[in-house]
Every structure is written in C-alpha cells, then in structure tokens.
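> Next come a sequence and a model predicted from it.
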Amino acid sequence: MQKDHGSSAPSTPTSGRVRHRRRSNEFAVEMSRTNGNHLLVNDQSKYRSMWIRACSSLWMLGGFLLILYLGHLYIWAMVVIIQIFMARELFSLLRRAHEDKRLPGFRILNWHFFFTAMLFVYGRILSLRLVNTVTSDKIFYRLVSRLIKYQMVICYFLYIAGFMWFILTLKKKMYKYQFGQFAWTHMILIVVFTQSAFTVANIFEGIFWFLLPASLIAVNDVAAYFFGFFFGRTPLIKLSPKKTWEGFIGASVATMISAFVLANVCGQFQWLTCPRKDLSTGWLHCDPGPLFKPEYYPLPEWISKWLPWKEISILPVQWHALCLGLFASIIAPFGGFFASGFKRAFKIKDFGDSIPGHGGFTDRMDCQMVMAVFAYIYHQSFVVPQDYTVEMIINEILSSLTLEEQQILYTKLGQILQERTLGQY
C-alpha cells in the first residue's frame, strides 16, 4: 500500500506562510512590543548613541551657520537640497525592486513631477525678487518678464506631459502598483512643497523669521532628549516610546526661555531682520521698524535695589517670540508623533540613514514642517501691517506691470500731482 506523504507531516500554523526578508531599517514586531519600557534612562548603549548624535549635530550646526552667513539665496538652496533628500527617502518607502525592473523610467517620472512642482512653487514665490534683480538689463528683463507671465502655463503643460507619460506606461497586471505610486508621489509633493513654500517665504521676509522658528524646534528637540536622557521615567505617548513627560515638560520650559532670549539676540542684527527684495547676495541695511526697536521698562524697587540697573530693554518682537516658543513646545512635537506613527505603520525605524544618529532628513524635518507653516501664518496675521503701505503698492506695481507700463504710470501720476499742485494756488 502506498504511503500518503502529504499526511505524514503534521500541519502547523506556520505552514503556508511565506517568509519575507526584513529591510535594514525595519524593526521586529517583538522589539516594538518591548519598546514600551525601553526608556533612555534604562538604555545600556545610550552614551554611545549620544556621542554619535552630538557629533552629527555639531557638523550640522557648523554647516548651518556658514550657510546662514552667506545669506538668503544660499539658505534657499539649502532648503531645496533638503527637499530633494526628503523626496528621495519618501519615494523609496513604497518602492518594490521587482516591479520597478518591469517599469523602466518610472522613477524618472516621479522626479519629473517633483521638479515641475518645484518650478511652479518657487516661480510664484521668487518672481518679484527676480524682476527686481534684472531691472537694469532691458533684454534680460523682458525675457524674465515673459517667463514669469507664462510660468503657470509652462508648469501646467509640464504636468500634463508627465500625466500623459504615466498613462502611456501603464502595464497589465501592474495597474494597482502604478496607480499606488502615482498617488504616493502626489502626496509627497503636497507634504514636501507645502512646508517648503512657507519656509522660503519666511526666509525672504527676513532671515529672523526663518532662523527663530527653526532654532526653537532644534532647542526643543535637544532639550527633550537631554531631559529624557537624565530624568525620563514616565512614558509620554505609545507612538514614540522613548518620549517622556519629564523630557516634554523640561523641553517646553527651555524652549520658552530660549525664544525670549534668542529673539533679543537675533533682533540686534539688520542682516537677520531686513527683508530681501531681490536675489542678490549683498549685505542688507534697512530701518528695523518698531518691532526691533527696544522699549524700556522700569524694574520694581524691590528688584532694582539688588541689581546695578533700574530698567530693562525688551524688543517688542520678543513677545511674539513667546507665542512661537509656545507653539514649538506644545504643538510642533505632534509632527514628530505623526512621523513616529507613520514609521510604525510601515515597520521602519527611520526614514533613511543620511545623518548618523538622527536617521534621515525627513526624520529631522517632521516638526520643522509644522512650525514653518505656523510661523508664516503668524507673521502674516499678527506681525505684517494689514493696511496698504507705499512699499506694498510699489511692490505690486513692480511685480504686475512691465517696464513700459511702469513708465506710463509714472508719467500719468506726475501729471495728476502737477494738476493738484497748481489747483492749490
């Protein structure tokens, strides 16, 4: 009698399951379950991790200060480079090597949409400043004016070309993967360019409005790490097991103090407070405005008798800085919690490994993205004067009218003023 080989081996719960190889940045499910008690105070390798993280932070700080010294245009270039790294990390998150081999040129299509979005967003933000830069050269001015006039049309047809390219490359049995990648690409563009557009707008409103919010996020992150490192005992949120209430509260206090102090320090330098109206790289000089002019407050007598001064000077912008500090310490960390939940959903530890000890660029920008949008909205709502000023009208004229139209306006305005002057006599 023939033996039944199929019934000789007992069936197990794992039979029929397919094992998948884990990527290097994925973590095991068992490890994620035990992370609830894996606080920094109990981590045996925490000093080595802190050393790697500190060295990377010093390198980043040195590079950031150099770029800050070089000026607005170089800071914008830094933002663009960070964007490219973030997009590369996010594009690769859902990439499947087997499917990509069957779709040659599909990754190029992702970058086509990326650079089209970049041209659209930055073309609209920098158009006025580009016009102000080339007004001295008539030929170049006309060329730039025409490019700005038709910039939206150019971007639209570039997008349509990418859309048609996507449709023509659809392959049978690959539809679900391709449409998933198409949707994922557009979500990345929304996430990356929404925050970066506000960031660049902040830069050209004055480096102060870019530097202060970014510094507050960095201070909050570092303070939360060190307070949690030495004092952390109470877990804060399950999405990010190493975050503690001690770190959160300590970082909030440190961020508020830093906001008040940093606003006073940065507000002393016109290089940081003056807005940039063109794309040149020269040093800036301007009227700092009432926000950056000190106001003096007398100290109470019971305090002044112990101090060598009787009054203190405070810049009005320091009160605004407290609002930014409050947001950076209470609300912005939820951008990091969102990123933690996102990584857990995809079973990865970090978005990348570009920065030793920190992960990828996306890991560093999670809270910055939330903060940049708030800083711009706050600046436009509570700092920028809501009434029309002469400078605002002139900027609108320079951005909306050609050189010939500006000359006609100048002539007509001169005639109107001359008639009014003669009418007074």
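All right, it came through fine.
> Residue ranges in the chain under the pLDDT threshold?
1-46, 97, 128, 130-141, 386-388, 399-400, 425 (pLDDT under 70).
> In it, mark out all the strands, start to finish.
235-237, 240-244, 295-298, 311-314 (DSSP state E).
> name the helices or strands packed onto the longest one?
Same thing as strand 240-244. helix 207-231, strand 235-237, helix 333-345 (3 or more Cβ pairs under 8 Å, 6 or more residues apart in numbering; DSSP states H and E). Quick note: C-beta positions are derived from backbone N, CA and C, even for glycine.
> and these, which is most packed in?
helix 207-231 (a mean of 22; mean count of other Cβ atoms under 10 Å).
> Burial check on the nearest residue to residue 310 once chain neighbours are set aside, number of neighbours?
Nearest residue to residue 310, sequence neighbours excluded (Cβ to Cβ, 6 or more residues apart in numbering): residue 304, at 5.0 Å. Using other Cβ atoms under 10 Å, residue 304 has 14 other residues around it.
> ditto for residue 265
Count around residue 265 with other Cβ under 10 Å applied: 11.
> Could you check how far the residue nearest to residue 310 is from residue 60?
42 Å (Cβ to Cβ, to the nearest Å).
> And for residue 285?
For residue 285 relative to residue 60 (Cβ to Cβ), the value is 30 Å.
> between the two, who's got more neighbours?
residue 60 (14 against 9).
> List the contacts of that one.
Contact analysis of residue 60 by Cβ atoms under 8 Å, 6 or more residues apart in numbering lists residue 355.
> Quickly note the distance from it to residue 54.
11 Å.
> do the same with residue 358
From residue 358 to residue 54 the distance is 11 Å (Cβ to Cβ).
> Which one of the two is surrounded by more residues?
residue 358 (18 against 13).
> residue contacts, that one?
Here residue 358 is in contact with 53, 56-57, 364 (Cβ under 8 Å, 6+ apart).
> of these, closest to residue 403?
residue 364 (43.5 Å; Cβ to Cβ).
> okay if I get the contacts of residue 358 as TSV plus distance to residue 190?
As requested, the contacts of residue 358 are arranged in TSV below (distance: Cβ to Cβ, whole Å):
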residue	distance to residue 190
53	30
56	29
57	29
364	20
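> Excluding sequence neighbours, find me the nearest residue to the residue most central in space within the chain.
When Cα atoms, centre = their mean is applied to the chain, the residue found nearest the centroid is residue 369 (4.1 Å). Distances taken as Cβ to Cβ, 6+ apart place residue 195 nearest to residue 369, at 3.8 Å, with adjacent residues excluded.
> likewise residue 258?
residue 219 (4.6 Å).
> Kindly provide the distance from that neighbour to residue 117.
31 Å.
> same question, residue 81
Remark: distance between residue 81 and residue 117 (Cβ to Cβ) = 16 Å.
> Looking at the two now, which is surrounded by more residues?
Set residue 81 next to residue 117 and count neighbours by other Cβ under 10 Å: residue 117 wins out with 24 against 12.
> got a list of what the more buried one touches?
By Cβ under 8 Å, 6+ apart, the neighbours of residue 117 are 189, 193.
> do residue 193 as well
Per Cβ under 8 Å, 6+ apart, neighbours of residue 193: 83, 117-118, 121.
> Please give the number of neighbouring residues around residue 351.
26.
> Pretty sure it sits against residue 90.
Yes: using Cβ atoms under 8 Å, residue 351 makes contact with residue 90 at a distance of 7.1 Å.
> any residues in contact with both of those two?
With Cβ under 8 Å, 6+ apart as the test, residue 351 and residue 90 both reach residue 362.
> Buried residues, the lengthiest helix in the chain. List them.
For the chain, the longest helix by residue count, based on DSSP state H, is helix 175-205. Buried residues in helix 175-205, counted by 16 or more other Cβ atoms under 10 Å: 177-178, 181-182, 184-185, 188-189, 191-193, 195-205.
> and residue 366, how far is that from residue 187?
15 Å.
> Over to residue 86?
Distance from residue 86 to residue 187, by Cβ to Cβ: 13 Å.
> Just the buried subset of the contacts of residue 193, written out for ChimeraX, thanks.
The following ChimeraX selection, which keeps only the buried ones among those, applies the criterion 16+ other Cβ under 10 Å:
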select :83,117,118,121
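> from the contacts of residue 193, which is closest to residue 47?
residue 83 (34.0 Å).
> quick one: the helices in the stretch 301-425 of the chain?
301-304, 317-330, 333-345, 361-378, 390-400, 403-423 (DSSP state H, counting those that start in this stretch).
> Counting by contacts, list what the fifth one packs against.
With contacts defined as 3+ Cβ pairs under 8 Å, 6+ apart, helix 390-400 has these neighbours: helix 106-133, helix 403-423.
> Just put these in a markdown table and tack on distance to residue 329.
Formatted as a markdown table, the helices and strands packed on helix 390-400 follow (distance: least, Cβ to Cβ, whole Å):
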| stretch | distance to residue 329 |
| --- | --- |
| helix 106-133 | 29 |
| helix 403-423 | 47 |
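> and these, which is most packed in?
helix 106-133 (a mean of 18).
> and which of the contacts of residue 193 is nearest residue 341?
residue 83 (22.7 Å).
> you'd agree the closest one is up against residue 191?
No: if you go by Cβ under 8 Å, residue 83 and residue 191 don't touch, sitting 10.5 Å apart.
> how many other residues sit next to the residue nearest to residue 145 when sequence neighbours are not counted?
Using Cβ to Cβ, 6+ apart and skipping residues adjacent in sequence, the residue nearest residue 145 is residue 402, 5.8 Å away. Neighbour count of residue 402, defined by other Cβ under 10 Å: 14.
> re the thing from before, which one of the contacts of residue 358 has the most neighbours?
Neighbour-wise, the contacts of residue 358 (other Cβ under 10 Å) top out at residue 364, 22 neighbours.
> re the thing from before, now the angle from the longest helix of the chain to helix 361-378?
50 degrees (axes from the mean of the first three to the mean of the last three Cα atoms, to 10 degrees).
> Just the angle for helix 175-205 relative to helix 207-231, thanks.
110 degrees.
> still on that earlier bit, next, the residue nearest to residue 145: phi, psi?
Note on residue 402: backbone dihedrals following degrees, to the nearest 10 are phi -80, psi 170.
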